[in-house]
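> Compute the structure for the input listed below.
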Amino acid sequence: MKKIVFLVIVLIQISYAKVVTATYEVSYGIFQALGVADARFETRDDDTYSIRIEARTTGIAKVLTNNRVETYESHGRIVNGILLPQKYIKIRRTDSKKTTKIYTFDHPNKTVWCENIQSDEWDKVKNDFYASEDILTLFFNFKHYLKERHDRDFYVIGGNRKDGRINVSFPQSEALSEMKQKLETDDGEFLKVVLNDRIFSSAQGELLINLGRDGLSERAILEDVLFFGDIVGKRIH
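Presented below is the predicted three-dimensional model:
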């Protein structure tokens, strides 16, 4: 289910430290706790990092999706305070099926290789586009982009499938007031992220995001989905 991508976007902005963990819960209209995601971010003395997010369905969604679990990992180096990925891994599994995608970054040659593993089948191809970040490192690097606070596009592995494009904007004036009301808070930073990909019935995947004082995402909303209203992600730990 594509709500897993939403779970990943909610996990924005864990500040750098040796080990940081967080847990998020996703609810959907009249349905509560459709998914839970656990995130772990670790840095090491040799200036390397690892990020691991495990998102799993719960409640009725667990039954409907055959116990679906998705794991996202990013491993790489820290260069001048910026996370530079060397490998991005996406694993999707249910009780009956497992698929794995492994993206390997060749930064000097501006190339990304993609390995697809499904059951006994395996293939390795050159990705259609190069990006210097994956979707996890983008959001963990985002505190550096907040300093400029201007609308811009990013291109990342794990974003839009065509070219990786993600749009980030900072609402102002009336739009900002409406976002604060929707997110039910006046504190922290507010931004809008457009994934340029369909999530449920949201054709572009438009997210409203609130960052807390500690840099962690407190709450995120994907608006007006199907018949039940909003998908809401919030930090619970």
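> Can you list the buried residues in stretch 167-181?
Buried residues in stretch 167-181, counted by 16 or more other Cβ atoms under 10 Å: 167-168, 170-171, 179-180. In this view, the C-beta of every residue, glycine as well, is placed from N, C-alpha and C.
> Low-confidence regions, this protein specifically.
1-17, 27-34, 58-66, 119-121, 197-204, 213-216, 223-230, 232-237 (pLDDT under 70).
> any idea where the helices of it begin and end?
Listed in chain order, the helices of the chain (DSSP state H) span 3-10, 59-64, 135-140, 142-145, 173-183.
> Now do the contacts for residue 138.
154, 156, 159, 166 (Cβ atoms under 8 Å, 6 or more residues apart in numbering).
> any chance of the buried residues of stretch 167-181 in TSV, plus distance to residue 47?
Formatted as TSV, the buried residues of stretch 167-181 follow (distance: Cβ to Cβ, whole Å):
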residue	distance to residue 47
167	31
168	27
170	31
171	36
179	37
180	38
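> Run through the bridge partners of residue 41.
Beta-bridge partners recorded for residue 41 (DSSP bridges): residue 20, residue 51.
> From residue 35, how far off is it?
Distance of residue 41 to residue 35, given as Cβ to Cβ, to the nearest Å: 20 Å.
> ditto for residue 43
As judged by Cβ to Cβ, residue 43 and residue 35 stand 27 Å apart.
> cool, residue 54 as well?
If you measure residue 54 against residue 35 using Cβ to Cβ, the figure is 11 Å.
> Specify which residue of the two has the higher count of neighbours.
Taking neighbours as other Cβ atoms under 10 Å, residue 54 and residue 35 compare with residue 35 leading, 27 against 16.
> That one touches residue 53, doesn't it?
No: with contact defined as Cβ atoms under 8 Å, residue 35 and residue 53 do not form a contacting pair (11.7 Å).
> Tell me how many other residues surround the residue nearest to residue 209 when sequence neighbours are not counted.
The spatially closest residue to residue 209, leaving aside those adjacent along the chain, is residue 220, at 4.6 Å (Cβ to Cβ, 6 or more residues apart in numbering). Neighbours of residue 220 under the rule other Cβ under 10 Å: 26.
> beta partners of residue 220?
Using DSSP bridges, the bridge partners assigned to residue 220 are residue 209, residue 233.
> just to revisit the earlier point, out of the buried residues of stretch 167-181, flag the one nearest to residue 141.
Taking Cβ to Cβ as the measure, residue 141 lies nearest residue 168 of the buried residues of stretch 167-181, at 11.9 Å.
> how about the closest residue to the closest one other than its chain neighbours, what does it touch?
Nearest residue to residue 168, sequence neighbours excluded (Cβ to Cβ, 6+ apart): residue 193, at 5.5 Å. Contacts for residue 193 were tallied using Cβ under 8 Å, 6+ apart; they are 9, 166-168, 206-207, 209.
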